[in-house]
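**Q** sequence-free structure coming up:
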């Protein structure tokens, strides 16, 4: 190894993510070989269903595939002084931004070194090499060649979203859809027989009274549900109607975001009053927070009744940088984690539904310190509770390893929900699952090599974590 | 390694817990060999002294040995939908539960895979193979054979609690006993010359005003102490009397549990008033919390005076699941950790007693994030403060490794209290100490292999962590 | 390896800090070889500039070099019962303490085992062996021989502070100086052409109204600035004047300490009133806390305007042990960390200045749980934010490794500020940087060996972390 001998061709190690110790590496290879070909279970993500609903959809330019939709990518460039306008990110007020995909790609390529050691760097490398056959690292010298090469690929028939969906060997694939969504792309897919693509109901836009545009979201809810929402009772009926519609279109889960997991049932009169105030536009200061807590509890009740799995994502301070939010809107890489407290906050909900065999709750947060302290003990006791995979910033090699170390000793493997790719970047789906499968294989190999796990258990748990756990947790048949 | 070649006989790796790297493993073996035969120091646990007080005591069935008393085991089965009634857990209202040990064992055996990768799985495997000579993994196929084999062993003379006590090579062994306990089994043991078994005073049932049954506990305290508790002053006298009685029976420590380590001395008039209200049954909302904080401070004063070592276990939200508590009572695997704050909470107590050479305080909590942030800095400064071993959910291979990594760089090894098995499961005692000794050996081997520790220091610290540290911390002669 | 074969000569492994795996170790050696000779960048520390200002300065005795000025050393001895008076620590009231350096050294040597496994132990060993040619471990038997040997060296010309400065190959070196300091030693150094030594402005003594002696600090501020501080406006002008004076003497940064990073601009009238109250000696209870938060915001404004880099160190509960503080004063090893919350606290400041290319903010705290949860996400978004190295208790092999694992995946390497030695112990500077460079090399080697980093990227990032990052973060030309 010398600093100058390497840059000729850019290659991907077949042993990436594996420990260098020969014993562990050899076991990791065998475990990985046993699961690398399994179909992908994708129960949570943010890909637009329109990509798949129309068979003729093509990915636009390399910039639009790799950079513009991926806040993991452009927030890193922004942190080192690259302006988001220069990366082609659309402004809210229509102020002009860079429209030349080749120029956007060049700025990305010139800063590619920033991604060294990050999961984004790992996924990009796998996508470029494995999917697009790239053999040179992005950089000043290679920028146009790579752009041309990728652009050419994107024009091929094998690179439509649907072709990649098949190539990725996806068995089930959930999108995330507002409670007010008409699910037209899902209806089209279903009509066509594409039953592997499923909607997931995300009701925050109507259950969080502080959502910008809540009032118009509510009008839209009345419209799509056919139930005129005029008070708390009709609001609940409309939500239940939407849950049923999602379920009829194949949904097996809902998804809920909140700053904290506080769940607490309000007296019916209080819930009535809060909704009445909100409809009149006279909400009081803590109405939104209390109603969110109430609705988590109420939706757990609905979940116990209709069997939709409840996902709970907590602890993201959204739009932390107002300059970025004002110019570009939400989901622009300016969301910063908060501490999370599960034990006290979730107690009232779990006291009522945590031992109910009809109920299932999958937890996600951005506060690693809760993994071993609160999440694993909760999952290791309550029949209803499963742990979601390491989320967002922790969807990384070290993040996954810390997660497995922190939760398995207390919760075991069977209380975990396996992996979610959780991505907006369609082309990265296979790469993300591959990292999880490699990390799981290597982690289990380490346990076997240390005599902490029987060899056959290693294979069983690898299969569980790659395939069975998400199917069981999400009640996929 | 192939998935099918392994299940013939079930074996325990002699190198379990050791890193696969040959250099580290070889050093780990040597370090472990130097300490594996040392007597066990067991200064904290929850074994019933009656087990040892009567020489004819036998362990009942395999189910009663491995499953019914061990909430680590049955809470994992519960988390995956097994009903606790079906595991023979006694209900509070006498509702019937499974009484057939063989049927309970079968349910456990069929779910044995749940324990893969957990410390419970590791201990069970060591106990079954090393203690009971089992050669097959528990499972559907082997359930009756193993049950018969273990049951036969339990009828042998070598498997009484006293025989195992000797076989485990226990040098000192503390139980945990309520302040209101008459210590009859301890008196009997002492009379018989069994001085290795010592009581530990746990006063929470009388110092925590919110304890269910506090009033009758207080009556019992009057009775056993011979001091009629009618006010704060007599309460303190009665407690001091009990401390002396425990000390006379060989106790060298007390144990205190609290939600938080807040310790703050109240004015005498306030303490008087709080106890008066409690005795009248008219406690005010925060009386219990304030009195607990006061009593921590007051008992530190007593500890400085009488030399009993003070253990402080904080941060367990007890009986989180009311359905389980109502049906089965406390200690049923439904206790969930809380965050802990030591720095501000403990400051008043440490300001007064932390530099007092007569005082000794051993800290335990369930919030790993405090290991490096607060606990190690406190132990690395205050002469009175020692750190207890990783507690409960962290009494595991990875838990111990994270603990050692987090605390030793700041506190060194000599400010640690070594290991506690802290178990209710008598048969697991040797297995738990063995895991600690293996993890310590492997961890030190890694430091020596990386040139961070001199070789002879490795041996010295291994001996310290396995044997000297608990004796020094608990003032065992 | 046997416990008796080692103690003949005391040696330092050339591979210390490196993993025992041969692949990783070999890569680590190569990476380390590529950076071990780079000049040291020392942008933050607590060495007294007088040590360098006078060319004739000599280090006094071995005790005064290794023990008396280093609270890392004496707090560990104190934690195991050694009295600070017996270690020669000066009392505030002039009560006599041990003045015999040889006796102090003996107490240290007899307790040298306490440092096994600690970073202090690692630095001391490197200093004794590499700098002083020691070949025996400190201990009861060797105490006088080592004392004589070190004392003899300290009399040599090659062991003056200036000689060591050159031997350590220091390129730039910052001290930390009160806003009220006249910077006379810095003026002398500058006059002499020693431009590598730079002052850093630390204004806490005047911005924190609760500082003991605040009023006299303010008088001193009036005096050194030539601006009579009579109200908020003149206070701000005086501070700005000092910033300019520091800048003129080569400062490139300021340093700010606070319990929490709360930063919030007060209305001008409130700031006026708070300062007026403070000057009258009639501060209200939360004036100090609110003014500290305001001044963090205000000094960010100044930093954006004058370009001085803002360092923020938060979360140390100073002088936790009043007995030690009363007898010996501050900085006596009795400072205990607190939890830190960055996301909400820093939001107002970052909303205003976080995207301003003129502003630069380097964050430090003692709460590891924030590394991945808050600090890395902030640095991975805001152009102004850089992460300082692992601070104080985390300036250790494992502390550095956990830091790199926690932050790089989210923030990358280019948002880090590299290393600070942050020391009061001049002789340890090279040893501390060497540990960082070794840990970085080993950590990167692990990533390369696992196929997570291209080989040439490993060399690039090693150079960044050892040399380029601090220069870029601190705007050193």
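**A** Arrived safely. In this text, all values refer to a predicted model and were calculated from it rather than measured experimentally.

**Q** pLDDT below threshold where in chain A?
**A** Confidence mapping of chain A against pLDDT under 70 gives the ranges A:1-7.

**Q** Might you report the residue contacts of the residue in it that chain B sits nearest to?
**A** Residue of chain A nearest chain B, by C-beta to the nearest C-beta: residue A:451 (3.0 Å). (Each C-beta comes from the backbone N, C-alpha and C, glycine too.) By C-beta atoms under 8 Å, 6 or more residues apart in numbering or on different chains, residue A:451 lies in contact with B:12-13, B:15-18.

**Q** Please list only the buried members of those.
**A** Buried by 16 or more other C-beta atoms under 10 Å in any protein chain shown: B:15-18, out of the contacts of residue A:451.

**Q** picking that back up, ok, so of the contacts of residue A:451, who is nearest residue C:137?
**A** Nearest to residue C:137 among those: residue B:18, at 27.6 Å, using C-beta to C-beta.

**Q** Pretty sure that closest one sits in a strand.
**A** No: Residue B:18 sits outside any strand when classified using DSSP: H, G, I helix; E, B strand; the rest coil, being coil.

**Q** domain ranges for chain A?
**A** As recorded under automatic domain parsing, the domains making up chain A are A:22-58+A:169-473, A:59-159.

**Q** Tell me where the stretch 351-477 of chain A has strands.
**A** A:361-365, A:385-387 (DSSP state E, counting those that start in this stretch).

**Q** Would you convert those into TSV that also reports mean neighbour count and distance to chain B?
**A** Listed next are the strands of the stretch 351-477 of chain A as TSV, based on neighbours: other C-beta atoms under 10 Å in any protein chain shown; distance: least, C-beta to the nearest C-beta, whole Å:
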stretch	mean neighbour count	distance to chain B
strand A:361-365	27	13
strand A:385-387	26	8
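
**Q** for these, which one sits closest to residue C:94?
**A** Of all the strands of the stretch 351-477 of chain A, strand A:361-365 comes closest under C-beta to C-beta, at 54.5 Å.

**Q** who's in contact with the closest one?
**A** For strand A:361-365, contacts defined as C-beta under 8 Å, 6+ apart pick out A:253, A:261, A:300, A:303, A:309-315, A:340, A:342, A:349, A:353-354, A:375, A:378-379, A:384-389, A:391, A:417, A:473-474.

**Q** could you redo the last one with a cut-off of 7 Å?
**A** Residues outside strand A:361-365 that contact it (C-beta atoms under 7 Å, 6 or more residues apart in numbering or on different chains) are A:300, A:309-315, A:340, A:375, A:384-388, A:391, A:417, A:473.

**Q** Can you list the strands that it pairs with?
**A** Within its sheet, strand A:361-365 is paired with strand A:309-314 (parallel), strand A:385-387 (parallel), according to DSSP bridges.

**Q** For the very next helix or strand once past the first one, give me every contacting residue.
**A** Okay, so that is strand A:309-314. Following strand A:309-314 in sequence order, the next helix or strand is strand A:316-317 (DSSP states H and E). Strand A:316-317 is contacted by residues A:335-338, A:366, C:343 when judged by C-beta under 7 Å, 6+ apart.

**Q** can you give me how far strand A:316-317 is from the chain middle?
**A** Chain-centre distance of strand A:316-317: 15 Å, with C-alpha atoms, centre = their mean, to the nearest Å.

**Q** Now tabulate the contacts of strand A:316-317 in JSON lines and tack on secondary structure, neighbour count and distance to residue A:192.
**A** Listed next are the contacts of strand A:316-317 as JSON lines, based on DSSP: H, G, I helix; E, B strand; the rest coil; neighbours: other C-beta atoms under 10 Å in any protein chain shown; distance: C-beta to C-beta, whole Å:
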{"residue": "A:335", "secondary structure": "coil", "neighbour count": "21", "distance to residue A:192": "35"}
{"residue": "A:336", "secondary structure": "strand", "neighbour count": "28", "distance to residue A:192": "41"}
{"residue": "A:337", "secondary structure": "strand", "neighbour count": "28", "distance to residue A:192": "40"}
{"residue": "A:338", "secondary structure": "coil", "neighbour count": "19", "distance to residue A:192": "42"}
{"residue": "A:366", "secondary structure": "coil", "neighbour count": "26", "distance to residue A:192": "37"}
{"residue": "C:343", "secondary structure": "coil", "neighbour count": "24", "distance to residue A:192": "44"}
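
**Q** Next up, phi/psi of the residue positioned nearest the centre of chain A, please.
**A** Centroid check for chain A by C-alpha atoms, centre = their mean gives residue A:422 as the closest residue, at 1.8 Å. Main-chain torsions, residue A:422, degrees, to the nearest 10: phi 60, psi 30.

**Q** Now do the contacts for it.
**A** If you count contacts by C-beta under 7 Å, 6+ apart, then residue A:422 has A:44-46, A:391, A:395 around it.

**Q** Which one of those sits in the busiest neighbourhood?
**A** Per-residue neighbour counts (other C-beta atoms under 10 Å in any protein chain shown) across the contacts of residue A:422 peak at residue A:44, which has 26 neighbours.

**Q** Name the nearest residue to that residue, sequence neighbours excluded.
**A** residue A:420 (3.9 Å; C-beta to C-beta, 6 or more residues apart in numbering or on different chains).

**Q** ok, now which ones touch that neighbour?
**A** Taking C-beta under 7 Å, 6+ apart as the test, what residue A:420 contacts is A:43-45, A:388-389.
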